[in-house]
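**Student:** Sequence and predicted structure, then a few things I'm wondering about:
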Amino acid sequence: MRKQCFNNPGRKTDAHLLRALHLLFNEIQKLKKAVQDSLPPEDVDVELRDTDFVKDTVGVSDRTLLRYQNLGLIQVHRRDKGGKKYFKLDDVLRLKRHLNGG
């Protein structure tokens, strides 16, 4: 009975499934490239500052800066491979003005 199951010509084989997965993967890659190409290029002239600069400029601790991130008052623009956070200088100055009431 087992031989009949594998020899059934109407049954999909592993090769057919692998081919279908490969075609699906290619379509996903094409869509991904199309989406990336449609996005505007990343800001080239953006000045980035690290966490230490932000804490010194704004005058807050690590914990307070993290709280401001969670509240949405400032956003991390980029992280490096080590996990170090970088913020836009414009966002840092805006946060400083906001906290100083100006």
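**Tutor:** That came through fine. As the structure is a prediction and not an experimental result, all values here were calculated from the model.

**Student:** quick one: secondary structure of residue 63?
**Tutor:** helix (DSSP: H, G, I helix; E, B strand; the rest coil).

**Student:** For it, grab the count of nearby residues.
**Tutor:** As a burial measure, residue 63 scores 8 neighbours (other C-beta atoms under 10 Å). Bear in mind the C-beta positions are built from the backbone N, C-alpha and C, glycine included.

**Student:** neighbours of residue 92, just the number please.
**Tutor:** Residue 92, neighbours per other C-beta under 10 Å, totals 19.

**Student:** Tell me which helix or strand it sits in.
**Tutor:** helix 89-99 (DSSP states H and E).

**Student:** Give me the buried positions along that helix.
**Tutor:** 89, 91-92, 95-96 (16 or more other C-beta atoms under 10 Å).

**Student:** likewise stretch 73-88?
**Tutor:** 74, 77, 85-88.

**Student:** For that stretch, give the distance from the opening residue to the closing one.
**Tutor:** 12 Å (C-alpha to C-alpha, to the nearest Å).

**Student:** doesn't residue 73 make contact with residue 98?
**Tutor:** Yes: with contact defined as C-beta atoms under 8 Å, residue 98 counts as touching residue 73 (7.0 Å).

**Student:** so residue 75, which of the three states?
**Tutor:** For residue 75, the secondary-structure state derived from three-state DSSP is coil.
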